[in-house]
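Chemist: Here you go, sequence then predicted model.
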Amino acid sequence: MTPASPDPVSPGPVSPDPASPDPVSSDPAPEPGPPSLPSLAGQVALVTGAGGTIGRGIALRFAAAGAAVVAHYRTNATAARELVAHIEKRGGSALALAADLSDEEECHHLVRAAADWRGRLTALVNNAGVQPTQDLASMSAADWRAVADVNVLSTFACTQAAAAVMRTGGGGGTITHIASIEADRPAAAHAHYCASKAAVVMHARSAALEYGPYGIRVNAVSPGLIARDGLEEDWPDGVRRWTRAAPTGRLGRPEEIGDACVFLASSMATWITGHNLTVDGGISARPTW
């Protein structure tokens, strides 16, 4: 579940540039100090959808761990450039690239451009996605494809291209798909989104089998509800229900999804592949009856 202003893709050439009986506050808990991240020094990571809330959190954590970061965005060039400037100001290295990831060829162009930047690509995080809400009775095939093409096709095509680069380089690498707890805990009016995220999880498992012999690990991360600006105003009832039900009593932070991705890309996770890591503050542990 990631209604955190996802950064869907849109046409454009490759170019630089989401129960205690007592109410629980929906305000995020105080930010902890920077965690001791595993080192990703020497890695080059491509994060798709980095112009959105979760993508930005992932990119920032990869940079904090020492990786050079390629931040993909759709049309929000301002947000992507601000992200790059933020990373560079702190001594990191980053590049913004635009692409339409609903187009297979542009997915391939993006990956090649990311690899050409530093002569290699060691990590890919397939984060770009959309999460519209629509009841099934009014949904057309075009509505369904608009979600599947971004959430599933881009994951497939970017993974295929990245794996080819990683195999050619001979050093292997890691690929992480951002899925959702809705991959197996569906919500009404989210049929296309839930189905797409279930597909993403299964793609990671199957890709792990095929690419493992080449030193490429493929995993998924399934976030719960992630805080973003305006979420409480947009969905007050949902935020209240979540914070009451979650054992941790709060929404997630984008950087916490980034921490999971950094771990999976690091040397601490060398025997982890084909796994779906749930990061939801314990909400999935609750019974549904």
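Modeler: Happy to help now that I have it.
Chemist: wait, doesn't Arg81 sit right on Ala96?
Modeler: Yes: shown here, Arg81 and Ala96 form a contact pair, counting by CB atoms under 8 Å, at 5.7 Å. Just so you know, the C-beta spots here come from the backbone N, C-alpha and C atoms, and that holds for glycine as well.
Chemist: quick one: which of those two has more around it?
Modeler: More crowded of Arg81 and Ala96, by other CB atoms under 10 Å: Ala96, with 24 against 16.
Chemist: Which pLDDT value goes with the residue nearest to Arg167 when sequence neighbours are not counted?
Modeler: Distances taken as CB to CB, 6 or more residues apart in numbering place Tyr214 nearest to Arg167, at 4.8 Å, with adjacent residues excluded. Note for Tyr214: predicted pLDDT of 97.
Chemist: when you give positions from now on, start the count at 58
Modeler: I'll keep to 58 as the first residue from here, and by that count the last item is Tyr271.
Chemist: Can you give me every residue that contacts Gln191?
Modeler: Asp200, Ala246, His249 (CB atoms under 8 Å, 6 or more residues apart in numbering).
Chemist: give the contact list for the residue nearest the centre of the chain.
Modeler: For the chain, Asn184 is the residue whose C-alpha lies nearest the centre (CA atoms, centre = their mean; 2.8 Å). Contacts for Asn184 (CB under 8 Å, 6+ apart) come out as Asp64, Val104, Thr105, Gly106, Ala107, Gly109, Ile111, Gly112, Ile115, Ile235.
Chemist: Can you give me the pLDDT of it?
Modeler: pLDDT at Asn184 comes out at 98.
Chemist: Repeat that for the one 10 residues further on.
Modeler: Predicted confidence (pLDDT) for Ala194: 95.
Chemist: How many neighbouring residues does it have?
Modeler: 5.
Chemist: did I read that right, it in a helix?
Modeler: Yes: per DSSP: H, G, I helix; E, B strand; the rest coil, Ala194 lies within a helix segment.
Chemist: Most neighbours among the contacts of Gln191, please name it.
Modeler: His249 (22 neighbours).
Chemist: secondary structure class for it?
Modeler: Relying on three-state DSSP, one would call His249 helix.
Chemist: any idea what sits nearest it, other than its immediate chain neighbours?
Modeler: Val204 (4.1 Å).
Chemist: elements contacting the one helix or strand that neighbour maps to?
Modeler: Assigned by DSSP states H and E, Val204 belongs to helix 198-205. For helix 198-205, the elements it packs on are helix 248-268, judged by 3 or more CB pairs under 8 Å, 6 or more residues apart in numbering; DSSP states H and E.
Chemist: re the thing from before, how about the backbone phi and psi for the residue nearest to the centre of the chain?
Modeler: Backbone torsions for Asn184, taken as degrees, to the nearest 10, come to phi -110, psi -20.
Chemist: Please apply the same query to Thr132.
Modeler: Backbone phi and psi, for Thr132 under degrees, to the nearest 10, turn out to be phi -110, psi -10.
Chemist: Could you list the low-pLDDT ranges of the chain?
Modeler: 58-92 (pLDDT under 70).
Chemist: can you give me the helices for it?
Modeler: 110-121, 134-146, 161-175, 198-205, 211-226, 248-268, 288-291, 293-302, 311-322 (DSSP state H).
Chemist: Identify whichever of those lies nearest to Ser341.
Modeler: helix 293-302 (10.4 Å; CB to CB).
Chemist: Show me which residues of that closest one are buried.
Modeler: By neighbour count on 16 or more other CB atoms under 10 Å, the buried set for helix 293-302 is Gly295, Val296, Trp299, Thr300.
Chemist: In this structure the last one contacts Arg307, no?
Modeler: So that's Thr300. Yes: counting by CB under 8 Å, Thr300 does reach Arg307; the two are 6.0 Å apart.
Chemist: which residues does the residue nearest to Arg224 contact?
Modeler: Counted by CB under 8 Å, 6+ apart, Tyr271 has contacts Ala220, Met223, Arg224, Gly229.
Chemist: Among those, which one has the most neighbours?
Modeler: Met223 (24 neighbours).
Chemist: Number of residues surrounding the nearest residue to that residue once chain neighbours are set aside?
Modeler: Once flanking residues are discounted, Met223 sits nearest to Gly230: 3.8 Å by CB to CB, 6+ apart. By the criterion of other CB under 10 Å, Gly230 has 25 neighbours.
Chemist: That concludes my questions; thank you for your assistance.
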